[in-house]
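In: here is a sequence together with a model predicted from it:
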Amino acid sequence: MSEITQLRGDVDMIVLTKQSAGSVAKQIASSFAENKIFVVNDAFNEWHKIDKKFHRFVFRYSELTYNILNHVMVPKHTKVHNKELENIKDQLPVLISYDPVVRRMNYKPGDIIDVGGGYYKVVF
C-alpha cells in the first residue's frame, strides 16, 4: 500500500506503509524517478535490501520532521571537486550511502565529501 503526495510542482512523495523490506525495495525499483522521494516507517532498517543507488531517495518519516543539518553535533558536509583526491579515492574512509546526512544532501556513491573541514570521506 502506498500513498502519493505532490510536494512542490516537480517532486512527488510516496509514502510506503505496512510493507516488508522486500516489497519496499521492489516498489522503489519499479516506480523510481529522480523527482520522487520514498518515505518509510520509522522501524525500517533493511537498507541492504535496497540498491545503493536508491538510498538517497528513501527517508524514514521521523527524518523529515527535523533538519539534521542544523544539529549542533553534525559537522558541515561539503562535496569536494579535487583531482588529487580523485586519485586516492580508494584509500579514503567511507560514508555509507544510507547515512542520514548523505541522503539529506543527495550525495551519490563515489562522491568525495569534506566532513568538518579537512577530513575527507568517500560515499560508498
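Out: Perfect, thanks for sending it.
In: mind exporting the C-alpha coordinates of whichever helix in the chain runs longest to CSV?
Out: The residue-count maximum for a helix in the chain (DSSP state H) belongs to helix 21-31. Extracted C-alpha coordinates of helix 21-31, given in CSV (Å, rounded to 0.1, in the frame of the first residue of the first chain):
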residue,chain,number,x,y,z
ALA,A,21,11.5,-4.5,3.3
GLY,A,22,11.5,-6.8,0.2
SER,A,23,8.3,-5.2,-1.1
VAL,A,24,9.6,-1.7,-0.3
ALA,A,25,12.7,-2.4,-2.4
LYS,A,26,10.6,-3.8,-5.3
GLN,A,27,8.2,-0.8,-5.3
ILE,A,28,11.2,1.7,-5.2
ALA,A,29,12.8,-0.1,-8.1
SER,A,30,9.6,-0.2,-10.2
SER,A,31,8.5,3.3,-9.7
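In: elements contacting the following helix or strand past it?
Out: Following helix 21-31 in sequence order, the next helix or strand is strand 36-40 (DSSP states H and E). On a contact count with 3 or more C-beta pairs under 8 Å, 6 or more residues apart in numbering; DSSP states H and E, strand 36-40 meets strand 12-16, helix 21-31, strand 58-60. Glycine gets a C-beta too; all of them are placed from N, C-alpha and C.
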